[in-house]
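Engineer: sharing a model prediction with you, sequence too.
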Amino acid sequence: MQKRDGGRGLVAFVDIAEDDYNPESHGGIDYETAMGRIHAVLPDGSTVKNVEVFRRIYEILGMGWVYAVTKLPMVGAIANWLYGIWAHWRLPLTGRPDLATVMGDRTKRLECEKPSRCRVNDDT
(Lines give C-alpha, C1' and ligand atoms only; values in the text may rest on other atoms or scores of the structure.)
Protein backbone atom coordinates (compact mmCIF):
# COMPACT_ATOMS: atom_id res chain seq x y z
CA MET A 1 0.00 0.00 0.00
CA GLN A 2 2.89 2.36 0.69
CA LYS A 3 4.10 1.75 -2.82
CA ARG A 4 0.67 2.67 -4.21
CA ASP A 5 0.77 5.89 -2.21
CA GLY A 6 3.99 6.68 -4.05
CA GLY A 7 5.17 9.26 -1.54
CA ARG A 8 2.06 11.41 -2.05
CA GLY A 9 1.29 11.33 1.67
CA LEU A 10 -2.35 10.38 1.12
CA VAL A 11 -2.02 7.74 3.82
CA ALA A 12 0.22 8.09 6.88
CA PHE A 13 1.64 4.66 7.61
CA VAL A 14 2.81 4.01 11.18
CA ASP A 15 5.33 1.38 12.21
CA ILE A 16 3.90 0.16 15.51
CA ALA A 17 7.03 -1.94 16.10
CA GLU A 18 9.15 1.16 16.65
CA ASP A 19 10.23 1.37 20.28
CA ASP A 20 9.02 4.96 20.52
CA TYR A 21 5.50 4.14 19.24
CA ASN A 22 3.15 6.31 21.28
CA PRO A 23 -0.49 5.16 21.54
CA GLU A 24 -1.69 8.63 22.54
CA SER A 25 -0.42 9.97 19.22
CA HIS A 26 -2.29 7.25 17.34
CA GLY A 27 -5.88 7.21 18.52
CA GLY A 28 -5.06 5.57 21.86
CA ILE A 29 -4.39 2.26 20.10
CA ASP A 30 -1.77 0.44 22.14
CA TYR A 31 0.81 -1.90 20.65
CA GLU A 32 -0.97 -5.11 21.63
CA THR A 33 -4.29 -3.96 20.18
CA ALA A 34 -2.58 -2.81 17.00
CA MET A 35 -0.76 -6.14 16.68
CA GLY A 36 -4.02 -8.02 17.12
CA ARG A 37 -5.89 -6.31 14.28
CA ILE A 38 -5.25 -3.53 11.81
CA HIS A 39 -6.55 -0.09 12.81
CA ALA A 40 -6.63 3.33 11.21
CA VAL A 41 -7.02 6.75 12.74
CA LEU A 42 -9.10 9.02 10.54
CA PRO A 43 -8.44 12.74 10.10
CA ASP A 44 -11.22 13.56 12.61
CA GLY A 45 -9.53 11.36 15.26
CA SER A 46 -12.03 8.51 15.08
CA THR A 47 -10.77 4.99 14.43
CA VAL A 48 -11.78 2.10 12.23
CA LYS A 49 -10.48 -1.46 12.19
CA ASN A 50 -10.51 -4.70 10.26
CA VAL A 51 -11.62 -4.74 6.61
CA GLU A 52 -12.91 -1.17 6.91
CA VAL A 53 -9.27 -0.01 7.10
CA PHE A 54 -8.41 -1.66 3.79
CA ARG A 55 -11.61 -0.35 2.19
CA ARG A 56 -10.78 3.23 3.23
CA ILE A 57 -7.12 3.05 2.22
CA TYR A 58 -7.88 1.59 -1.18
CA GLU A 59 -10.52 4.27 -1.77
CA ILE A 60 -8.03 7.01 -0.86
CA LEU A 61 -5.47 5.50 -3.21
CA GLY A 62 -7.98 5.41 -6.08
CA MET A 63 -8.51 1.65 -6.02
CA GLY A 64 -11.79 1.48 -4.11
CA TRP A 65 -13.13 -1.10 -6.52
CA VAL A 66 -10.88 -3.73 -4.88
CA TYR A 67 -12.92 -3.70 -1.66
CA ALA A 68 -16.19 -2.20 -2.98
CA VAL A 69 -18.06 -5.49 -2.67
CA THR A 70 -17.36 -5.50 1.10
CA LYS A 71 -19.76 -2.55 1.44
CA LEU A 72 -22.61 -5.02 1.00
CA PRO A 73 -23.73 -5.99 4.53
CA MET A 74 -23.51 -9.77 4.14
CA VAL A 75 -20.24 -9.67 2.20
CA GLY A 76 -18.77 -7.18 4.68
CA ALA A 77 -19.72 -9.41 7.61
CA ILE A 78 -18.11 -12.44 5.96
CA ALA A 79 -15.01 -10.42 5.05
CA ASN A 80 -14.64 -9.24 8.66
CA TRP A 81 -15.11 -12.79 9.92
CA LEU A 82 -12.42 -14.08 7.54
CA TYR A 83 -10.13 -11.21 8.49
CA GLY A 84 -10.62 -12.14 12.16
CA ILE A 85 -9.40 -15.66 11.40
CA TRP A 86 -6.41 -14.27 9.49
CA ALA A 87 -5.62 -11.78 12.28
CA HIS A 88 -5.67 -14.56 14.85
CA TRP A 89 -3.39 -16.89 12.88
CA ARG A 90 -1.20 -14.47 10.89
CA LEU A 91 1.77 -14.52 13.27
CA PRO A 92 2.25 -18.31 13.35
CA LEU A 93 1.36 -18.61 9.66
CA THR A 94 4.12 -16.15 8.81
CA GLY A 95 6.66 -17.94 11.03
CA ARG A 96 6.52 -15.54 13.97
CA PRO A 97 5.83 -16.22 17.65
CA ASP A 98 2.31 -15.80 19.02
CA LEU A 99 1.10 -12.43 20.31
CA ALA A 100 1.76 -13.24 23.97
CA THR A 101 5.39 -14.07 23.17
CA VAL A 102 5.76 -10.95 21.01
CA MET A 103 4.37 -8.83 23.84
CA GLY A 104 6.63 -10.45 26.44
CA ASP A 105 9.73 -10.01 24.30
CA ARG A 106 8.87 -6.38 23.58
CA THR A 107 8.27 -5.61 27.25
CA LYS A 108 11.59 -7.20 28.26
CA ARG A 109 13.47 -5.35 25.54
CA LEU A 110 11.95 -1.97 26.41
CA GLU A 111 12.57 -2.48 30.13
CA CYS A 112 16.18 -3.44 29.45
CA GLU A 113 16.75 -0.12 27.71
CA LYS A 114 16.57 1.34 31.23
CA PRO A 115 19.80 0.10 32.87
CA SER A 116 18.32 0.10 36.37
CA ARG A 117 15.56 -2.27 35.24
CA CYS A 118 17.62 -4.91 33.45
CA ARG A 119 19.75 -7.54 35.13
CA VAL A 120 22.27 -9.56 33.23
CA ASN A 121 23.18 -12.97 34.58
CA ASP A 122 26.94 -13.16 34.02
CA ASP A 123 27.61 -16.71 35.26
CA THR A 124 29.64 -17.67 32.20
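Structural biologist: Sure, I can see it.

Engineer: can you report how many residues neighbour residue 79?
Structural biologist: 20 (other C-beta atoms under 10 Å). In short, each C-beta sits where N, CA and C put it, glycine included.

Engineer: dihedrals phi and psi, it?
Structural biologist: The phi/psi pair for residue 79 (degrees, to the nearest 10) reads phi -60, psi -40.

Engineer: now do the same contact list for it.
Structural biologist: 51, 70 (C-beta atoms under 8 Å, 6 or more residues apart in numbering).

Engineer: for it, report the pLDDT, please.
Structural biologist: With respect to pLDDT, residue 79 has a value of 97.

Engineer: ok, now which ones touch residue 71?
Structural biologist: residue 55.

Engineer: residue 47 versus residue 37, what's the distance?
Structural biologist: The gap separating residue 37 from residue 47 is 11 Å, by C-beta to C-beta, to the nearest Å.

Engineer: I meant residue 110, not that one.
Structural biologist: Residue 110 is 24 Å from residue 47, where distance means C-beta to C-beta.

Engineer: what do residue 37 and residue 47 both touch?
Structural biologist: Between them, residue 37 and residue 47 share no contacting residue, judged by C-beta under 8 Å, 6+ apart.

Engineer: secondary structure element for the nearest residue to residue 98 once chain neighbours are set aside?
Structural biologist: Spatially, and ignoring its direct neighbours in sequence, residue 98 is nearest to residue 91 (5.8 Å; C-beta to C-beta, 6 or more residues apart in numbering). Following DSSP states H and E, the helix or strand that holds residue 91 is helix 73-93.

Engineer: same thing with residue 40?
Structural biologist: Here residue 40 is assigned to strand 39-41, by DSSP H and E.

Engineer: can you name every helix or strand that that strand contacts?
Structural biologist: Packing partners of strand 39-41 (3 or more C-beta pairs under 8 Å, 6 or more residues apart in numbering; DSSP states H and E): strand 47-49, helix 51-60.
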